[in-house]
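1. Prediction below, plus the sequence it came from.
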Amino acid sequence: MKKKKLGSLEVSEICLGTMTWGLQNSEADAFAQIQLAREHGVNFLDTAEMYAVPPSAETYGKTETIIGNYLCRYGGRDKLIIATKVAGPGVKYIRNGEPINAKNIRLALEGSLRRLQTDYIDLYQLHWPNRGSYHFGQLWHYEPGKTNTQQEKENFLEVLHTLKDLKKEGKIREIGLSNETAWGIMTYLQLAEKHDLPRMVSIQNEYSLLYRLHDSDLAEISLRENIGLLAWSPLATGLLTGKYAHGQIPPGSRWAIQKKFNHRNTPQAHAAVDAYKKLAEEHGMSLVQLALAFVLSRPFVTSAIIGATSLEQLKENLSAVRISLTPEIEKGILQVRRQYPMPY
């Protein structure tokens, strides 16, 4: 398992996503997943105060609690890189849906530290911007620039000053963004440089064979500004496993339990999956291996965040680190992408 730099941290190229823990997975399931991932060289866990997912008031904080219980039972905190996130605005049961600011960062962080049973967070991230995001299926209705630019920058400064204080207090080591835009990333970097404030080291955005918005401007920012992409949903919530082919929705799967409209369930997405599956089989690999090997091969990706609900799924996911994409496979991926450039 390769390790890559993320600011002062050294993280595995596979990050174990945890959002199913506390809903689809029990604590015992989670412990087994952590153990298996660690045996394969994974040292990086990603969570959030909002998890489990789909989020609800009843499952809020459960995933962090499970990780904390693991650390309490098995120890080894110093061997793990733990990333978590402060929720953005709009979720009423999380601090009345208030925005990310100095007060709410401190409240959120103290809650996360308590549930995780640790004194510090390795990577503390802003889950989504106060001003909204084009992720989470909102791309087709996203309208940037509707808020006051000066007020946004003042909030950014407040956030950075707060995170600087928390770093001095030893409660966080590095900071990152999630579900952000090019303007958001660059504004944070410019303000940090101008005011001698902490620098964002990562951006956690959705990225997969089916969702490649990072490939243009954001990719150059990642490479030139050293802002590593932590790719969430590299299997498109399981769509790139093939389990939803031909309209199937297996009981207990992510698609079966989510209650809102599923923006990924489109005819063109299923057609793209069929084409990628055929390509994978032609080259002697599974669709999962192709999808994850593709994400891991991108030069701007620091780590791919994989989630699984069974050890069998996790083992297949982990096997992708052994796959190398040949020029012929890359050509095949390009051909499918040109046919289905934005399937959802």
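-> Okay, I see it.

2. Between the two ends of stretch 297-314, what distance do you get?
-> Using Cα to Cα, to the nearest Å, the end-to-end distance of stretch 297-314 comes out at 19 Å.

3. What are the buried residues along that stretch?
-> Across stretch 297-314, burial judged by 16 or more other Cβ atoms under 10 Å covers 298, 300-309, 313-314. C-betas here are computed from N, CA, C, even on glycine.

4. Just the ones of the residues you listed in strands?
-> Per DSSP state E, strands hold the following members of the buried residues of stretch 297-314: 301-306.

5. where exactly do the helices run in the protein?
-> Taking DSSP state H, the helices of the chain run over residues 27-39, 62-74, 102-116, 149-168, 182-195, 217-225, 254-257, 267-282, 287-297, 311-318, 327-339.

6. Using CSV, write out every CA atom in the third one.
-> When you say that, I think you mean helix 102-116. The C-alpha trace of helix 102-116 is given here as CSV (Å, rounded to 0.1, in the frame of the first residue of the first chain):
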residue,chain,number,x,y,z
ALA,A,102,-15.9,30.1,15.1
LYS,A,103,-18.6,29.1,17.6
ASN,A,104,-19.8,26.1,15.7
ILE,A,105,-16.4,24.8,14.7
ARG,A,106,-15.4,24.7,18.4
LEU,A,107,-18.7,23.0,19.4
ALA,A,108,-18.4,20.5,16.6
LEU,A,109,-14.8,19.7,17.3
GLU,A,110,-15.3,19.1,21.0
GLY,A,111,-18.2,16.7,20.2
SER,A,112,-16.0,14.8,17.7
LEU,A,113,-13.1,14.6,20.1
ARG,A,114,-15.4,13.2,22.8
ARG,A,115,-17.0,10.6,20.6
LEU,A,116,-13.7,9.6,19.0
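
7. and the angle from it to helix 149-168?
-> 40 degrees (axes from the mean of the first three to the mean of the last three Cα atoms, to 10 degrees).

8. Please work out how many residues are found near the residue nearest to residue 178 when sequence neighbours are not counted.
-> Spatial nearest neighbour of residue 178, chain neighbours left out: residue 204 (4.0 Å); criterion: Cβ to Cβ, 6 or more residues apart in numbering. Neighbour count of residue 204, defined by other Cβ atoms under 10 Å: 28.

9. For residue 204, give me its contacts.
-> 46, 83, 85, 125, 176-179, 229-232, 305 (Cβ atoms under 8 Å, 6 or more residues apart in numbering).

10. Now with 7 Å, please.
-> 125, 176, 178, 230, 232 (Cβ atoms under 7 Å, 6 or more residues apart in numbering).

11. circling back: export the ones in strands among the buried residues of stretch 297-314 to JSON lines and tack on pLDDT and distance to residue 245?
-> What follows is these, written out as JSON lines (pLDDT from 0 to 100; distance: Cβ to Cβ, whole Å):
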{"residue": "301", "pLDDT": "98", "distance to residue 245": "26"}
{"residue": "302", "pLDDT": "98", "distance to residue 245": "31"}
{"residue": "303", "pLDDT": "98", "distance to residue 245": "28"}
{"residue": "304", "pLDDT": "98", "distance to residue 245": "22"}
{"residue": "305", "pLDDT": "98", "distance to residue 245": "23"}
{"residue": "306", "pLDDT": "98", "distance to residue 245": "20"}
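
12. from the residues you listed, which two are the most distant?
-> The span of these, defined through Cβ to Cβ, is set by 302 and 306 at 13.8 Å.

13. For the nearest residue to residue 262 once chain neighbours are set aside, give its distance to residue 238.
-> Nearest residue to residue 262 in three dimensions, chain neighbours excluded: residue 255, at 6.0 Å (Cβ to Cβ, 6+ apart). Noted for residue 255: a distance of 7 Å to residue 238, by Cβ to Cβ, to the nearest Å.

14. of these two, who's got more company?
-> residue 238 (21 against 16).

15. What about the nearest residue to that one once chain neighbours are set aside, how many residues nearby?
-> Among residues not flanking residue 238 along the chain, residue 254 sits closest, at 5.5 Å (Cβ to Cβ, 6+ apart). Residue neighbour count, defined by other Cβ under 10 Å, stands at 23 for residue 254.
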